[in-house]
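>>> have a look at this fold, sequence not included:
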């Protein structure tokens, strides 16, 4: 039970950081391709599972980071698109 409690806190923190960093990269560095940002967040998830010595959670960590990174990038790109359309109209 303690295992789930500890790692749920770790994944909550890691997810928040991944969304923050991915969104920041997508907003300020618009020339970087989306796949590069997602691959970096997936690599961070893999490194996380290696550092905390839980290779069984590596696949979950990688997919978790990829999905949250895509959500953050989608929100930023959608906001930038809405801003552009509002300025045109």
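That came through, no problem. Owing to the predicted nature of the structure, the values given are computational and were not obtained by experimental measurement.
>>> which helices and strands does the lengthiest helix in the chain pack with?
Counting by DSSP state H, the longest helix found in the chain is helix 58-88. If contacts are counted by 3 or more CB pairs under 8 Å, 6 or more residues apart in numbering; DSSP states H and E, helix 58-88 sits against helix 2-28, helix 34-51. Where you see a C-beta, it was placed from the backbone N, CA and C, and this is true even at glycine.
>>> any chance of the ones you listed in CSV, plus mean neighbour count?
What follows is these, written out as CSV (neighbours: other CB atoms under 10 Å):
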stretch, mean neighbour count
helix 2-28, 15
helix 34-51, 16
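>>> could I get the ones you listed as a markdown table with mean pLDDT?
Formatted as a markdown table, the helices and strands packed on helix 58-88 follow (pLDDT from 0 to 100):
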| stretch | mean pLDDT |
| --- | --- |
| helix 2-28 | 87 |
| helix 34-51 | 94 |
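>>> thanks a lot, catch you later.
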